[in-house]
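**Q** please work out how this folds:
(2 chains)
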Number of protein chains: 2
Amino acid sequence: MNNFNFCSPTYFAFGRGAEARVGELCVKYGAHRVLVVYGGGSVVRSGLLARVLADMEAKGLAHVELAGIRPNPTDDRVYEGIDICRSQGVDFILAVGGGSVIDTAKGIAAGAVYDGDFWDFYSGKAVPAAALPVGVVLTIPASGSEGSGNTVITKRDGLHKISIRTEEVLRPRFSIMNPELTFTLPPFQTACGIADMMAHIMERYFSNTEGVEVTDRLCEATLQTIIHQAGVVMTSPTDYDARANIMWCGMIAHNGTCGVGREEDWASHAIEHEVSAVYDVTHGAGLAVIFPAWLTWMSSHNPHKVVQFAERVFGVSPMETPEATALAGVARLKAFLKSIGLPVTFGELGVDDPDIDLLVSKLVENKGESLGNYVRLTPQDCREIYELCRG
Amino acid sequence: MNNFNFCSPTYFAFGRGAEARVGELCVKYGAHRVLVVYGGGSVVRSGLLARVLADMEAKGLAHVELAGIRPNPTDDRVYEGIDICRSQGVDFILAVGGGSVIDTAKGIAAGAVYDGDFWDFYSGKAVPAAALPVGVVLTIPASGSEGSGNTVITKRDGLHKISIRTEEVLRPRFSIMNPELTFTLPPFQTACGIADMMAHIMERYFSNTEGVEVTDRLCEATLQTIIHQAGVVMTSPTDYDARANIMWCGMIAHNGTCGVGREEDWASHAIEHEVSAVYDVTHGAGLAVIFPAWLTWMSSHNPHKVVQFAERVFGVSPMETPEATALAGVARLKAFLKSIGLPVTFGELGVDDPDIDLLVSKLVENKGESLGNYVRLTPQDCREIYELCRG
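**A** Presented below is the predicted three-dimensional model:
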């Protein structure tokens, strides 16, 4: 087991009606003038936004709004939010939505108190030392951003999609998680969220670090729960307990619980980020295509942890070779992803003629010549993984 | 799944040499004048205390000391610590040791900023609204107090051993966890710690709340890890990875991760607390006797979760009746506890002639006529469980 630091200080208010506490929690964590960031559509139509704003007003909080955040959120909206914070004296940012909204809020939070260009944090020129406090009302379980110190933003000029991770400074102060708010999520979006949270666990699980049984088993426990409850959610979208299990798993998957004490991988995320940046596909759907391809490649190059995954998560019996056992696990994973309506090939993703040269060159441009840790991937290896996505 | 709040804000610095950060972390969390609380013996002999004090001095921190905290810590030492804090202007409390030391530190932390008698918090007359900040250098993985908001203190006058739980106010600001510091723990103390952390999980696991698969599986994952790594630690006490897994499991077992979303039980802890208060036995050894007896009783009164425990944690195959499956699991648990050198009967605990009338009457005095949730226990039920401890 490697040395590690772990700090997940977010206050989680979880359950039916939890959003009624939004004003109280904003006040508790020091808010006076709040920037409310949201996407639009369902948050407005469902009346959630109106209830949130009414409760904040009842608690004496002033607010300004930044609306219309879209999936794969872009730098322009972050700049816009920073300008609002500075000109309006905002001291707290409330994200009402899913990962794109929360990640935008975090970018704004870091940028608003920084003298330079906020993109410095994403380009690696600077590390956020401070940020405005962020609160969350979560409506889409997927990104885990409600419990993580991470944020992903795409720079429109050049399609650079970059994620950063902070130990503490960008963790939300509070996250309100009411599973009922996810009852109306469309099936495809629900499934994409499930793929996303599974990927967050697998990026941490596939590691060569020895002696981390506790972390391995916590990963397997969370994956098994997601796989089981996903089946319930897809057939019974208003099953409260199933939605609740999925929602909490999405947080556990990404707040660090599943990663402590070992080297993580994250190659699949980087490989996928180029796909969603170039083709604007949903991140979770892209992961459903990339991860099985990455695992297929690993089954012949470094199968040992894929074998453990196959046996413990999917109950695969040992076969004649480790590679065969590993590939049986990958087949089970693909079957599961397809069963919840996800694509597992470029074609099923709607990318009939992928420009693999462009994807590899963007990858090299953003991440350099070497990627991941479970096996250090060369650009040629990444090309092979993209090719495996053709199905 | 029930509504819940979860907040575990402690900063964990985990790994080899982590105690070198003690001064830095005290400063980060606002310390100027520190009360260092410890037991004595090994912390002094090993040189750990001297290293901690030297590092604090190097960071410009003043300190005073409260030494000689004993197992099953008592109220008199808490009063003493409160007096020191007030007379010496202490603004931070550092616990160097295990659960007894940390729990004493928490009692002092709450009492030092409270106008009344600190025992009000334990007797239920008041709830701690504030406390001095507490830091931890952990030397015994067992109590989970390094990550919990809980503390247990025994009032010498009347042998009342009472635990309280706070959501946030008594959680340590930081906990330093170096598994190497546990290499020299004697086998019996190591085993008692293992029983204690297993009990913390089982108190949460045995619940009638439906729809909590994620929490169930996280419990099972942690229990399986403990059971597996316990075997390694008992034969190879300086195996770093095994000690590290056990140490982190002890934290996970009690910071709330294993309890969210459901009713918990805690009858076994209450039943045991009377044993350790009256006979001054080690808490973990007492639990090794009480928990199997409680499970045996539950196997005939409410077996369903004991069956799941038997099947998933110990791999028991389903037998002719749920009770039989459950009892097979209890037998496996007892065999495990004995294999690491723990008692599973009053006689093996060194209590040859237990005064069960006294134990039941103290239990009623401290906890009332009804105990636990998995089955609400009457005093007669508790008497039957004590009788089962005769073996």
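**Q** okay, now residue A:305: neighbour count?
**A** Residue A:305 has 19 neighbours, counted by other C-beta atoms under 10 Å in any protein chain shown. C-beta: built from backbone N, CA, C; applies to glycine.
**Q** is it located within a strand, as I assumed?
**A** No. Going by DSSP: H, G, I helix; E, B strand; the rest coil, the assignment for residue A:305 is helix, not a strand.
**Q** these two touch, right, it and residue A:205?
**A** Yes. Counting by C-beta atoms under 8 Å, residue A:305 does reach residue A:205; the two are 6.9 Å apart.
**Q** who's in contact with stretch A:347-356?
**A** Residues outside stretch A:347-356 that contact it (C-beta atoms under 8 Å, 6 or more residues apart in numbering or on different chains) are A:275, A:278-279, A:281, A:285-286, A:289, A:343, A:346, A:383, A:386-387, A:389-391.
**Q** swap in 7 Å and give it another go.
**A** Outside stretch A:347-356, the residues that touch it by C-beta atoms under 7 Å, 6 or more residues apart in numbering or on different chains are A:279, A:281, A:285-286, A:289, A:343, A:346, A:383, A:386-387, A:391.
**Q** do the same with stretch A:258-273
**A** Residues outside stretch A:258-273 that contact it (C-beta under 7 Å, 6+ apart): A:1-2, A:4, A:6, A:161, A:199, A:201, A:203-204, A:206-209, A:212, A:215, A:218-219, A:222, A:252, A:283, A:286-287, A:290-291, A:294, A:363, A:367, A:371-374, A:377, A:382, A:385.
**Q** mind checking which of those residues are in strands?
**A** Per DSSP state E, strands hold the following members of the contacts of stretch A:258-273: A:4, A:6, A:161.
**Q** any stretches of the stretch 251-391 of chain A with poor pLDDT?
**A** Scanning the stretch 251-391 of chain A for pLDDT under 70 picks out no residues.
**Q** report how many residues lie close to residue A:207.
**A** 21.
**Q** so who does it touch?
**A** A:262-265, A:305, A:374.
**Q** residue A:13 is in contact with residue A:21, isn't it?
**A** Yes. Counting by C-beta atoms under 7 Å, residue A:21 is a contact partner of residue A:13 at 5.3 Å.
**Q** for chain B, what are the nearby residues on the stretch 201-350 of chain A?
**A** Within reach of chain B by C-beta under 7 Å from any C-beta of the partner chain, the stretch 201-350 of chain A has these residues: A:210-211, A:213-214, A:217-218, A:220-222, A:224-225, A:228-229, A:241, A:244-245, A:248-249.
**Q** now with 10 Å, please.
**A** With the criterion set to C-beta under 10 Å from any C-beta of the partner chain, the stretch 201-350 of chain A comes near chain B through A:209-226, A:228-229, A:232, A:239-249, A:251-252, A:255-257, A:260-261.
**Q** what residue spans form the domains of chain A?
**A** Annotated domains of chain A cover A:11-181, A:187-388 [automatic domain parsing].
**Q** nearest to residue B:157 among the ones you listed would be which one?
**A** With C-beta to C-beta as the measure, domain A:11-181 is the member of the domains of chain A nearest residue B:157 (37.7 Å).
**Q** do any residues in that closest one lie close to chain B?
**A** Yes. Domain A:11-181 reaches chain B (C-beta under 10 Å from any C-beta) through A:11-18, A:21, A:147, A:167-168, A:171, A:174-175, A:177-179.
**Q** list only buried entries from the residues of the stretch 201-350 of chain A next to chain B.
**A** A:209, A:211-226, A:229, A:232, A:239-249, A:251-252, A:255-257, A:260-261 (16 or more other C-beta atoms under 10 Å in any protein chain shown).
**Q** just checking, which of those residues belong to helices?
**A** Using DSSP state H, A:213-226, A:229, A:232, A:240-249, A:251-252 are the members of these that sit in helices.
**Q** pull out the buried residues from stretch A:184-201.
**A** Along stretch A:184-201, these residues count as buried under the neighbour rule (16+ other C-beta under 10 Å): A:185, A:189-201.
**Q** what is the helix or strand that contains residue A:50 packed up against?
**A** Using DSSP states H and E, residue A:50 maps to helix A:48-58. Other elements packing on helix A:48-58 under the criterion 3 or more C-beta pairs under 10 Å, 6 or more residues apart in numbering or on different chains; DSSP states H and E are helix A:22-28, strand A:33-38, helix A:42-45, strand A:62-66, strand A:92-97, strand A:134-138.
**Q** dump the ones you listed into TSV; add mean pLDDT and distance to residue B:37 as well.
**A** Listed next are those as TSV, based on pLDDT from 0 to 100; distance: least, C-beta to C-beta, whole Å:
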stretch	mean pLDDT	distance to residue B:37
helix A:22-28	98	30
strand A:33-38	98	41
helix A:42-45	94	49
strand A:62-66	98	45
strand A:92-97	98	37
strand A:134-138	98	35
